[in-house]
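*Asks:* The sequence and its predicted three-dimensional model are supplied below.
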Amino acid sequence: MRLLVTGGAGYVGSVCATLLLERGHEVVVVDDLSTGNADAVPAGAEFVRGDVAALAADVLGTDPRAPRFDGVLHFAAQSLVGESVEVPEKYWQGNVVTTLTLLEAMRASGTSRLVFSSTAATYGEPDHSPITEADPTRPTNPYGATKLAIDHAISSYAVAHGLAATSLRYFNVAGAYRGAGENRVVETHLIPLVLQVALGQRDKISIFGTDWPTPDGTAIRDYIHVLDLAEAHLLAVNASTPGRHDIYNLGSGSGFSVREVISACERVTGLPITAEDAPRRAGDPAVLVASSDRAIAELGWSPAHTDLDEIVADAWQFLKDLGDRSHAARR
Ligand code: UDP
């Protein structure tokens with residue numbers, strides 16, 4: 001297939017683009033590099049630098065009788081929860097308006113398949129665990145609200161215009177694959193932050209809340225290896241059916257506490273990690289664990305890298321290699 005990957009210079013998008021190329025697909029990446037890195041775009045992909053909304057019609061074309069692409073994997077998004085509370089307009093414009101423009105460009109160009117990066121943040125504070133796709137969606141921040149709004153828009157495009165669409169609701173993505181990993185200017189995620197402590201790039205990790213109703217008092221999350229996530233995208237693009245919008249949760253199915261993650265990082269790196277107790281972070285739920293049963297049953301997805309130490313080890317290798325590369329570049 002010939003596929004457009006928006007946000008293919010970002011973390012998940014670049015891993016997915018790498019896997020698509022390995023499986024023989026043709027990939028065009030559009031990314032404005034506002035948060036991504038040009039280096040992350042895999043060598044075999046064609047790279048168009050710029051804003052997705054501005055470029056969508058040009059890249060996709062405007063003749064529905066001669067579509068240029070078999071589908072779009074739409075990763076490009078603003079994705080910082082805290083920032084979305086402070087600057088919601090950036091999220092409504094950057095996520096919702098951009099995606100509506102993309103949907104129109106897909107319609108005008110006869111592009112039939114869409115795989116969209118949705119999120120566990122669409123559910124908000126869950127009533128129970130694990131979370132299924134039938135659970136209520138009550139996002140607690142603008143980031144989750146914009147992703148949910150897009151999911152609704154996609155559903156109506158599927159019904160009205162025959163779009164073949166899949167939304168994948170990611171839980172906590174981590175790990176790395178073939179030189180593609182988490183490398184953000186502004187890092188807020190637990191595993192890369194803890195590994196930065198091991199690398200000596202930061203003094204300590206703050207544990208946001210030690211009084212949660214969990215066995216060790218710290219919050220529990222479901223960490224999914226980015227390679228398993230990328231595999232789900234390949235399955236989704238193949239399984240997409242005209243007129244349907246299918247939604248799947250993607251996690252590893254088991255939860256790990258913040259303290260368990262820190263311990264895994266100590267085991268993997270062989271280094272002590274200084275941690276300090278800190279207040280809860282606003283908007284954080286105590287426990288977020290996915291039921292991925294639907295993806296397993298309907299997509300035939302089978303997560304192969306669910307071991308926390310393996311996920312951390314891949315993230316650690318990526319960060320060490322990145323450090324070596326930037327050290328070599330400075331010399
Ligand atoms: N967390 C933490 N210290 C940090 C960053 C994160 O204790 O410096 C906690 C956070 O409160 C959450 C878990 O680690 O319970 C995972 O956070 P992350 O930001 O990686 O992902 P989220 O679950 O918010 O999407």
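*Replies:* Yes, it's here.

*Asks:* In the stretch 1-150 of the chain, what residue spans correspond to helices?
*Replies:* 11-22, 52-60, 81-86, 88-91, 98-109, 142-161 (DSSP state H, counting those that start in this stretch).

*Asks:* Return the most buried member of those.
*Replies:* helix 11-22 (a mean of 25; mean count of other Cβ atoms under 10 Å). All C-beta atoms are positioned from the backbone trio N, CA, C, and that covers glycine.

*Asks:* now what about that one, what contacts it?
*Replies:* With contact meaning Cβ atoms under 8 Å, 6 or more residues apart in numbering, helix 11-22 is reached by 3, 5-8, 27, 29, 31, 36, 40-42, 44-45, 73, 75-76, 117, 170, 173, 176-178, 180-184, 226-227, 229-231, 233-234.

*Asks:* ok, residue 195 to residue 330 distance?
*Replies:* As judged by Cβ to Cβ, to the nearest Å, residue 195 and residue 330 stand 21 Å apart.

*Asks:* My error: substitute residue 189 in the last question.
*Replies:* For residue 189 relative to residue 330 (Cβ to Cβ), the value is 26 Å.

*Asks:* Now do the residue of the stretch 201-331 of the chain found nearest the ligand: how many residues are near it, please.
*Replies:* Using Cβ to the nearest ligand atom, residue 219 is the residue of the stretch 201-331 of the chain that sits closest to the ligand, at 3.2 Å. Residue 219: 25 surrounding residues under other Cβ atoms under 10 Å.

*Asks:* Surely it touches residue 211?
*Replies:* No. Taking contact to mean Cβ atoms under 8 Å, the distance of 10.3 Å between residue 219 and residue 211 leaves them out of contact.

*Asks:* So what's the predicted local confidence for the spatially closest residue to residue 140 that is not a sequence neighbour?
*Replies:* Once flanking residues are discounted, residue 140 sits nearest to residue 124: 4.4 Å by Cβ to Cβ, 6 or more residues apart in numbering. Residue 124 carries a pLDDT value of 94.

*Asks:* So what sits opposite residue 124 in the bridge?
*Replies:* Note on residue 124: beta-bridge partners residue 138, judged by DSSP bridges.

*Asks:* got the contact list for it?
*Replies:* Contacts of residue 124 by Cβ under 8 Å, 6+ apart are 137, 138, 139, 140, 144, 285.

*Asks:* Would you mark the buried spots in the helix or strand bottoming out on mean pLDDT in the chain?
*Replies:* Lowest on mean pLDDT, DSSP states H and E among the helices and strands of the chain sits helix 308-330, with a mean of 88. Within helix 308-330, the residues scored as buried using 16 or more other Cβ atoms under 10 Å are 308, 311, 312, 313, 314, 315, 316, 318, 319, 322.

*Asks:* Next, find the distance separating the fifth one from residue 226.
*Replies:* Counting by Cβ to Cβ, the separation of residue 314 from residue 226 is 8 Å.

*Asks:* Touching both of the two, which residues are there?
*Replies:* 175, 176, 177, 181.

*Asks:* out of those residues, which one sits closest to residue 148?
*Replies:* Residue 148 lies nearest to residue 175 out of the shared contacts of residue 314 and residue 226, by Cβ to Cβ, at 26.1 Å.

*Asks:* give the contact list for the closest one.
*Replies:* 181, 225, 226, 227, 305, 310, 311, 312, 314, 315.

*Asks:* What is the neighbour count of the fifth one?
*Replies:* Think residue 305. 18.

*Asks:* Around the ligand, pick out the residues from the stretch 51-200 of the chain.
*Replies:* For the stretch 51-200 of the chain, the contact set with the ligand under Cβ under 6 Å from any ligand atom comprises 172, 188, 189, 190, 193.

*Asks:* Residue 82 is in contact with the second one, correct?
*Replies:* Yes. Under the contact definition of Cβ under 8 Å, residue 188 touches residue 82, with a separation of 6.9 Å.

*Asks:* Which strand or helix spans residue 242?
*Replies:* Of the helices and strands defined by DSSP states H and E, none includes residue 242.

*Asks:* quick one: residue 213 and residue 138, what's the gap?
*Replies:* Applying Cβ to Cβ to residue 213 and residue 138 gives a distance of 19 Å.

*Asks:* likewise residue 185?
*Replies:* 31 Å.

*Asks:* Same drill for these two, tell me which one is more crowded.
*Replies:* residue 138 (14 against 7).

*Asks:* any idea how far the more buried one lies from the ligand?
*Replies:* According to Cβ to the nearest ligand atom, to the nearest Å, residue 138 and the ligand sit 16 Å apart.
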